[in-house]
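1. Give the three-dimensional model of this entry:
(chains A, B, C and D)
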Amino acid sequence: MSAFHLGGDKRVPLAEAAARVGDGALVALGGGLCARLPMALVRELVRQGRRGLHLVGSAHSIDVDLLIATGAVAVCEESYVGFEQDLGLAPAFRRAAREGTVEIRESCCATILAQLRAAEAGVPFTPVRGIKGTDIEGLHPEYARMTCPFTGEELVVVPPLRPDVTLLHAPVGDAHGNLHLDQPFVLDERFAHASAQVVATVDRIVPTAELVTSGVVVPGHLVSAVAEVPYGAHPSSCYPGYAYDRPHLAAYLAAATAGGTALDEYLARYVAVDEDTYVKDVDPGRLASWSESTAAWQELFR
Amino acid sequence: MSAFHLGGDKRVPLAEAAARVGDGALVALGGGLCARLPMALVRELVRQGRRGLHLVGSAHSIDVDLLIATGAVAVCEESYVGFEQDLGLAPAFRRAAREGTVEIRESCCATILAQLRAAEAGVPFTPVRGIKGTDIEGLHPEYARMTCPFTGEELVVVPPLRPDVTLLHAPVGDAHGNLHLDQPFVLDERFAHASAQVVATVDRIVPTAELVTSGVVVPGHLVSAVAEVPYGAHPSSCYPGYAYDRPHLAAYLAAATAGGTALDEYLARYVAVDEDTYVKDVDPGRLASWSESTAAWQELFR
Amino acid sequence: MSAWSLDEAFVVALARTIADREAVFHGFASPCAQVAMHVAKRTHAPDCLLIEGATYAVDPVPVFVPPTGNDLALHRDAVYRMRFEEFFDAACRGAVDRMFLSGGQIDGYGSTNVTAIGGMPHPKIKLGGGGGGGNISASIGALTVWTSRHRAGRTLVADLDFLTDLGHRTREGTRAELGYTGGGPQWLVTELGAFDFDDEGHARLRALWPDVTVDDVAAATGFALRVALDGADGLLDPPSEAELAAVRAVDPLGVRRSEFADPELARTFSTAAVVS
Amino acid sequence: MSAWSLDEAFVVALARTIADREAVFHGFASPCAQVAMHVAKRTHAPDCLLIEGATYAVDPVPVFVPPTGNDLALHRDAVYRMRFEEFFDAACRGAVDRMFLSGGQIDGYGSTNVTAIGGMPHPKIKLGGGGGGGNISASIGALTVWTSRHRAGRTLVADLDFLTDLGHRTREGTRAELGYTGGGPQWLVTELGAFDFDDEGHARLRALWPDVTVDDVAAATGFALRVALDGADGLLDPPSEAELAAVRAVDPLGVRRSEFADPELARTFSTAAVVS
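-> Residues are numbered from 1 along each chain as shown, chains lettered A, B, ... in the order given. The predicted structure is shown next:
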């Protein structure tokens, strides 16, 4: 009845959570860069052979690249996909752009934000500052220009962005789908409110009272399913549990850059397996060493 | 240099804080209904004889009514002014509306919100859902209508709302103007970001480290001045310190309804005096009894 | 034998307009609606999403209902509190299923005036104002409109002095013509009876309180009465013991009673007979 | 006698473009700018408002600069963290005074391409993308543009393959014609020299690193060089001991070095002479 997701126990196995994402869905990815990415859900979507996804997000990395590498993506509407100065360009993304196998509808952070807010506020258009005069505007025939009735200036206006589903990973949640995140929240809150549903993984399900002490950031009434998947953001970070797994990311990049057999081997070893096997293999427990000392923390990045 | 208010110790006496509000200023009032209203600042504005204010806010009560009663207000752009079912209509507001001494530009909560967001996001117009077809629209010649370029539907569009100053009261703050509030924040955050400056009172100035434990809600870089004024929200509530002072509010309403000498006596006793004298007179310490027991809490409302 | 007062049954009637698994909201200065929501949550609608008025707290369990709507007693220990903008966005995009609205004047299409008797800019009586109603009455799924001041004859009017909140029709046209997807007023509950809204969006009397006649209602109503008395889905039926217990537990201070004129508060009923 | 490397002096030059009491921001994947901001905060601009890249933390004291921009090491113990929307709103309304921008291509007007070499929809090399630059380059007070890849000759170009971020002019016209109030590029710092922007909004070479000639710059630059060598307000002057100490303290992992080709990292200088 309600557009909200009311009541009850929303815990499901990971496979069932990922099954909420249909082929061709408009999917928002939570987290940003190499932090708090919903990687267990991404891997499960690959396992389930999802196709034709329209991805939207701000600045992302292995989540988007892995989905592209496995042929799951039709449209990529992110503001950035890559591995920063540390590990460089995103190989599958770069190849797909060159070969035209994915439609690259590159966007800008504040434009995506404006579109999400329009969706949240139930209005069919909203103006944005900037973009006008850039070539980003030309990638978006769905935008328009309008003249301000008060000042006479012309601005780009954009339609609302209403993801079918937002995929989030949080360190803790409860059985009702209430989630606690630490800052930066990136666009997670805005995605959650603008989407038809949120599907979440959490490192730990905790009692509601414990969650309230930390603070509920995304309320359960926006969440349709939550799966407990320890290390569900790996190889991205999810503090305080685990830092970014630089060697694993480098291994992915080498495999994805080489493609062919190398990529197949990566996928067979890390994606085709279940998450328990994955965790045993990658041993993410070592990434908790960040909290031991500054030296130990730095060591994870050398 | 920056539009933000950077650095330094921003503590000032109450008189100096209120002096940041000029005659004719567009003033946003924090808090809502009878909770966390910036009453010490309101009383000080009356003492200083401020005139011609344009008030904006959501649902307010004695803050607006007292400023109107003392002739400080030219334009009232609130979504509600009154004392709910408990104490009824706002006497000075009602009288001023009837006599035409204040321009009543009544607005709606979500419209004010949309206007503040336009100011925050630096855009010169924004559409709103609703309002169209109501008589509220007719009170606002500054609104317009536009046709959505995507759907063809006609919506009301509104200009940004950029208060000259937002007046806030918070239970605690630090010397840099960082403020902690408890929810509901009402429009305090949005006002703070959309305004040229925030002027705040706090019940207590605490060390920054202590404030961080509670959580900074309004950051110091939005705040130009902060004054420590214990019970600065009285007779509205500021939990956990003090509940709503129902007998005092009833006394104000009786005086403002009667007008003339009765109002003069109220003003002489409670407004013309300094805040120390005020606090000694009204004895707000008794309003901490809410935390003793449910019975004691209820007693405050009987 | 059970006995109850009109104010209790009135709150129960409002509560019964809420379906389970709805997201429901009341504005401030609305104690009857406020109490009704908590009664519904504790009786037939445990899985409704209750958004507690001016606190925007989700499914709180109030310590008690105080006479002011932004008070800690209403939301202490809530698991989650919406931000102001979060609630209004949800309401504007149609994610809120029901809101309670009242007014100093209500017309036959369920539009309300909470701004000014005598209209603007020269009001005879300036009322408090509409809060967010002018926005969200457009987009919320359904509205339960109520008044406890029907009998005096000045509330249900043919023409509003000022239209603050949207019913089924304004001078500019219908909801559909205005482009609003919210369903508009579904029920209008008064201290005399209960109305729904017909295919033209006009109020239609569906039930009376036991001590009220159609003539009483007609005499108090400024628009032409449309009548289809069929019990109004049981809205005005005697409260159950559970409902009465919930009213009394939620509202020990009797804040709901502040909405009624004294003579209405004297109206009492029992399972045996009307005791008036 | 003090000695330093080009990467250290480069970061110091970027830092010196920041005035005290400015609100400054760097995008992600920008370690030189990131380190520069913390160097400025610890030396000549203690009262700048430092917004730490993709964490949006205000005036944090990083434990160290890690090689990824959304990491707890950058903002642990920060007094305040902006929300994503809070930062972008502030930038869009003009409350942020300076941003650092780089690009795979930069034209004479300081516009940048971080989207695609070879343009869209058929890129030869798809770059990462612009983050929020396409919006906020319009409205931020001033931009410090930099590149550590000038020498190769493909970065400073006459015409961009794709315009991601706004310099002083686009095909559609000037900033004023586009209606943008942000001041646009103020400085362009490269591993060869430093440019400002003249009255036409075009880059103008103002200073060279000690081991670089105008001919070196001309050979590496795709647009016609405008030259007004006057020291560029000392941007490229030798770092002070305090500045060098700050660089080394902020960036013990040398993350800034990832921006440079190996030969550039071998460039070292001292107070006595250029040692190259």
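2. List, one by one, the residues from the stretch 1-150 of chain C near chain A.
-> Applying Cβ under 8 Å from any Cβ of the partner chain, one finds that the stretch 1-150 of chain C approaches chain A through C:19, C:21-23, C:47-49, C:58, C:79-80, C:82, C:86, C:88-90, C:92-95, C:97, C:139. For glycine as for every other residue, the C-beta is placed from the backbone atoms N, C-alpha and C.
3. Looking at these, which are in helices?
-> Judged by DSSP state H, the residues of the stretch 1-150 of chain C next to chain A include C:Glu86, C:Phe88, C:Asp89, C:Ala90, C:Cys92 as members of helices.
4. ok, now how distant is the second one from C:His168?
-> By that I understand C:Phe88. The spacing between C:Phe88 and C:His168, counted by Cβ to Cβ, to the nearest Å, is 22 Å.
5. The residues of the stretch 1-150 of chain C next to chain A, buried ones only, as a PyMOL selection?
-> Selecting only the buried entries of the residues of the stretch 1-150 of chain C next to chain A in PyMOL, with 16 or more other Cβ atoms under 10 Å in any protein chain shown as the criterion:
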select buried, chain C and resi 19+21+22+23+48+49+58+79+80+82+86+88+89+90+92+93+94+95+97+139
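6. Filter the residues of the stretch 1-150 of chain C next to chain A to keep only those in contact with chain B.
-> C:Phe88, C:Cys92, C:Arg93, C:Ser139.
7. With distance to D:Leu101 and pLDDT added, can I get the residues you listed in CSV?
-> Converted to CSV, these look like this (distance: Cβ to Cβ, whole Å; pLDDT from 0 to 100):
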residue, distance to D:Leu101, pLDDT
C:Phe88, 36, 98
C:Cys92, 36, 98
C:Arg93, 35, 97
C:Ser139, 40, 98
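8. Could you tell me the phi and psi values at residue 29?
-> As the question left the chain open, I've gone with chain A. When read as degrees, to the nearest 10, the backbone of A:Leu29 gives phi -110, psi 130.
9. Okay, and the beta partners of it?
-> Taking DSSP bridges as the rule, A:Leu29 bridges to A:Leu167.
10. Isn't it up against A:Ile62?
-> No - the pair A:Leu29 / A:Ile62 is not scored as a contact, 10.8 Å apart, by Cβ atoms under 8 Å.
11. anything in contact with each of these two?
-> The contact sets of A:Leu29 and A:Ile62 overlap at A:Leu37 (Cβ atoms under 8 Å, 6 or more residues apart in numbering or on different chains).
12. who has more neighbours, the two?
-> A:Leu29 (29 against 25; other Cβ atoms under 10 Å in any protein chain shown).
13. how about that one, what does it touch?
-> Counting by Cβ under 8 Å, 6+ apart, A:Leu29 touches A:Leu37, A:Pro38, A:Val42, A:Leu55, A:Val56, A:Gly57, A:His60, A:Asp63, A:Val64, A:Thr166, A:Leu167.
14. Tell me the one of those nearest chain B?
-> Closest to chain B out of those is A:Val56 (17.4 Å), distances taken as Cβ to the nearest Cβ.
15. quick one, phi psi at that closest one?
-> Main-chain dihedrals, A:Val56, degrees, to the nearest 10: phi -140, psi 140.
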